[in-house]
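Colleague: this one's structure only:
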């Protein structure tokens, strides 16, 4: 099996990373989405098992941990497990595709370590906490308590941004689409120059 490249998008909730990932998938036929496994409930009818996530029970997830079926996994919050299945990457590479990930920050750093030079880890940054709160509220899926927890988590996750290859500021979605596409094309062509500090775009 030929190994492909790994493109890792990480960011706090509400940053727009999922929108950026979907746009890249629509515009690059040689790119495949790594579907994460999780134990959280689906968000209404918009999410499908095997398309957005592999929705598992906590017992099912723990069984896969026991059998070492994950590249990485995290208990993001009590009872809320997320992870990347080894056979998911094998599936995409067997199709001759590069793999794109939409994961949380800790998971992303583990993936970056696992794939080494074959990975590009991108942290998507929001313009401000005020803007992020506005985006989360507009979803209509957050209670006051869960919103507070998410905003606290944002501050924690943002502290890790310097450990990524690229920090992409998503202050304008259309320009962010262009920046993400440019990063993908240069990285897969081995034309992206990275240093010890993150490249800010």
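Modeller: Perfect, I can see it now. As the structure is a computational prediction, the values presented were derived from the model and not from experiment.
Colleague: so residue 177, which state does it fall into?
Modeller: helix (DSSP: H, G, I helix; E, B strand; the rest coil).
Colleague: I'd like the numbering to begin with 20 instead of 1 from here.
Modeller: In the new count, where the first residue is 20, that last one comes out as residue 196.
Colleague: so what's the nearest residue to it once chain neighbours are set aside up against?
Modeller: Once flanking residues are discounted, residue 196 sits nearest to residue 42: 5.1 Å by Cβ to Cβ, 6 or more residues apart in numbering. Every C-beta, even on glycine, is put in place using the N, C-alpha and C of the backbone. Each residue near residue 42 by Cβ atoms under 8 Å, 6 or more residues apart in numbering is listed here: 196, 199, 200.
Colleague: hang on, residue 42 in a helix?
Modeller: Yes: assessed with three-state DSSP, residue 42 lies in a helix.
Colleague: if we can go back for a sec, report the buried members of the contacts of residue 42.
Modeller: Among these, those buried by neighbour count (16 or more other Cβ atoms under 10 Å) are 196, 199.
Colleague: strands along this structure, start to end?
Modeller: Ranges of strands in the chain, per DSSP state E, are 25-29, 50-52, 55-57, 72-74, 89-96, 99-104, 117-122, 138-144, 185-188, 218-219.
Colleague: for those, which one sits closest to residue 210?
Modeller: Proximity to residue 210, assessed across those by Cβ to Cβ, is greatest for strand 138-144 (11.8 Å).
Colleague: ok and the closest one relative to strand 25-29, angle-wise?
Modeller: Relative orientation of strand 138-144 and strand 25-29, computed by axes from the mean of the first three to the mean of the last three Cα atoms, to 10 degrees: 20 degrees.
Colleague: just for the chain, where's the confidence low?
Modeller: 20-21, 147-148, 150-152, 154-156, 158-161, 163, 166, 169 (pLDDT under 70).
Colleague: thought residue 33 was touching residue 143, still the case?
Modeller: No: applying Cβ atoms under 8 Å, one finds residue 143 not in contact with residue 33, separated by 10.1 Å.
Colleague: between the two, which has more neighbouring residues?
Modeller: residue 143 (25 against 22; other Cβ atoms under 10 Å).
Colleague: so what's that one up against?
Modeller: Contacts for residue 143 were tallied using Cβ under 8 Å, 6+ apart; they are 28, 29, 30, 34, 35, 36, 39, 187, 189, 195.
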